[in-house]
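A.B. asks: requesting a structural model of the entry that follows:
(2 chains)
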Amino acid sequence: MSNLQDLKHLEGPGFKARVQKAGAFLAGMIMPNIGAFIAWGLITALFIPVGWVPNEDLAKMVGPMITYLLPILIAYTGGRAIHGQRGAVIGAAATMGVIVGTDIPMFLGAMLMGPLAAWVLKKIDGFTQERTPVGFEMLVENFSLGISATILAIGGFFGIGPVVEGITKALGNGVDVLVSNNLLPLASIFVEPAKVLFLNNAINHGVLGPLGVNEAAESGKSILFMVETNPGPGLGILIAYWLFGPRLMRATAPGAMIIHFLGGIHEIYFPYILMKPRLIIAAIGGGAAGLLTATIFNAGLVATPAPGSIFAYLAVTPKGNYFGVLADIVVATGVSFVLAAFLLGFGRGEKAGDPQAADAVDQPVEV
Amino acid sequence: MSSNAIEGKSITSVVVACDAGMGSSVMLTSQLKKRLGKYGVTVSHSPVAQIPQDAQVVVCHSGLAARAKATAPAAVVVPFQVFMGDPAFDRVEAAIRDGGSLAG
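C.D. replies: Coordinates of the predicted model:
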């Protein structure tokens, strides 16, 4: 165990804390709304023509939910984080302009316009509240919000919508190039290390999820939901720890496996990597192997599996994709386990006192 | 750096913080409730960016401790390394049970 009294990392919010904070803000707009995403994913998987129980009438929910409901919820939540209830309302209202200004689901636009509109209103409120005559507060507040929302919605229609549509399409095309050239596994080189530095929510809900939703809206599924959420790499590392890790840590591994793989709380395995940073190679290898498998089988999910539990995975796997999705997880687990077992020296030297042995904990990463 | 301390017997609430305030902090909160509830201490969970300003003690992973400090500068921030069986949890419980200064 590393020294808990070593609080050097508490010296003010550094660069990493700022990145975490910005990422958490993006993720914080999405994560409270995951339940609505899951509802949309289930309705889509059930009722679209290739779904489990096709139903033309109920399938009418699919389009409006992804075009209007989900972006507006995101903008509402983002606006609330900046300026409370008034921020939430203006964020939602102003985002309507961004939504109708384009012909693709406006998740990135909502993540931009929601907080922006709330910030503008916060400035306006700061100006008017000091100058409002007694008794005119409600009148001023309602109309300052209404008029600002109108102007911002119009500005969003002409300004933000088309620009974000271009950015979204460019990013989507970039992802298409990666996928069609089997290069997506390279993403693991960045995703897995960032994940254990507690940027997991920022990456998945801040970046990959919104891009994946656009793809899922077009083709019914997206592989991008599987990049960060795969429980396989973490599971492989925990199994390796259980069998070959430092004796002190072995006892905790089975409980961690249940919480990680079934409960979907991936944070539980991050410390196992932070204690032996070379194990990140196992996570990268497992993640990349899983993505390659998913690419080969053309697998995808209808919505982001959150939390990243095997149950959430199965719930958002579209019809006909079970083999590819499960193969992705199995391969990722296996590759990660073999690499981690190798990096832990297969538990050799437990008794020999070899400094390179598994019991010798690496210098923990300062996170 | 500033380090805060609190007398264990005067602790009435503990906040568990994680990045989103929805996952690992909820899990730890239910565990700590079992350990600390019997001393009359309430345990709640929170996103690390929204820790209440009046929080007495904040428990969070060491990777998030810098942000916890920035959000709640007056609180005693107790960082931990692993989610299960970390000595930090024992340290908090011991301070509450036996009294004594809890620093962080």
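A.B. asks: okay, CA-based contacts and neighbour counts for the rest of this
C.D. replies: Will do.
A.B. asks: do a quick rundown of the strands in the stretch 151-300 of chain A.
C.D. replies: Under the criterion DSSP state E, counting those that start in this stretch, the stretch 151-300 of chain A contains no strands.
A.B. asks: which bits of it sit near chain B?
C.D. replies: Counting by CA under 8 Å from any CA of the partner chain, the residues of the stretch 151-300 of chain A close to chain B are A:197-198, A:201, A:252, A:256, A:265, A:267-268, A:271-272.
A.B. asks: residue ranges in chain A under the pLDDT threshold?
C.D. replies: Residue ranges of chain A with pLDDT under 70: A:1-13, A:349-367.
A.B. asks: among the residues of the stretch 151-300 of chain A next to chain B, which pair sits farthest apart?
C.D. replies: Maximum pairwise distance in these, criterion CA to CA, is 24.4 Å, between A:201 and A:252.
A.B. asks: what number of residues lie near residue A:188?
C.D. replies: Residue A:188 is flanked by 22 other residues according to other CA atoms under 10 Å in any protein chain shown.
A.B. asks: ditto for residue A:78
C.D. replies: 31.
A.B. asks: contacts only, for it.
C.D. replies: Residues near residue A:78 by CA atoms under 8 Å, 6 or more residues apart in numbering or on different chains: A:28-29, A:88, A:91, A:111, A:114-115.
A.B. asks: for chain B, see how far away it is.
C.D. replies: From residue A:78 over to chain B the distance is 14 Å, taken as CA to the nearest CA, to the nearest Å.
A.B. asks: pretty sure that residue is in a helix, no?
C.D. replies: Yes: counting by DSSP: H, G, I helix; E, B strand; the rest coil, residue A:78 is located in a helix.
A.B. asks: and residue A:230, what are its phi and psi?
C.D. replies: Dihedral angles of residue A:230 (phi, psi; degrees, to the nearest 10) stand at phi -60, psi 120.
A.B. asks: nope, residue B:102 is what I meant
C.D. replies: Residue torsions, per degrees, to the nearest 10, at residue B:102 are phi -110, psi 120.
A.B. asks: name the nearest residue to residue A:117, sequence neighbours excluded.
C.D. replies: If the residues on either side of it in the chain are set aside, residue A:117 comes closest to residue A:91, at 5.3 Å by CA to CA, 6 or more residues apart in numbering or on different chains.
A.B. asks: filter the residues of the stretch 151-300 of chain A next to chain B down to the buried ones.
C.D. replies: Among those, those that count as buried by neighbour count (16 or more other CA atoms under 10 Å in any protein chain shown) are A:197-198, A:201, A:252, A:256, A:265, A:267-268, A:271-272.
A.B. asks: now tabulate the residues you listed in CSV and tack on distance to residue A:180.
C.D. replies: Output for these, formatted as CSV (distance: CA to CA, whole Å):
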residue, distance to residue A:180
A:197, 29
A:198, 30
A:201, 26
A:252, 41
A:256, 36
A:265, 31
A:267, 31
A:268, 33
A:271, 35
A:272, 34
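A.B. asks: ok, back up a step: which of the residues of the stretch 151-300 of chain A next to chain B fall in helices?
C.D. replies: Using DSSP state H, A:201, A:256, A:271-272 are the members of those that sit in helices.
A.B. asks: closest to chain B among these?
C.D. replies: Chain B has its nearest neighbour among these in residue A:271, at 5.4 Å by CA to the nearest CA.
A.B. asks: give me the nearest residue to that closest one, chain neighbours excluded.
C.D. replies: That would be residue B:82: by CA to CA, 6+ apart, it lies 5.4 Å from residue A:271.
A.B. asks: checking the one you found next. Helix, strand or coil?
C.D. replies: coil.
A.B. asks: contacting residues for it?
C.D. replies: Applying CA under 8 Å, 6+ apart to residue B:82 gives the contacts A:268, A:271-272, B:61.
A.B. asks: show me what from chain B comes close to chain A.
C.D. replies: Residues of chain B lying close to chain A by CA under 8 Å from any CA are B:1, B:19-20, B:23-24, B:49, B:62-67, B:69-70, B:79-85, B:88.
A.B. asks: hmm, try it at 7 Å
C.D. replies: When proximity is defined by CA under 7 Å from any CA of the partner chain, chain B lies next to chain A at B:1, B:19-20, B:23-24, B:62-63, B:65-67, B:70, B:81-84.
A.B. asks: now, of these, which are buried?
C.D. replies: Buried among the residues of chain B next to chain A (16+ other CA under 10 Å): B:19-20, B:23-24, B:62-63, B:65-67, B:70, B:81-84.
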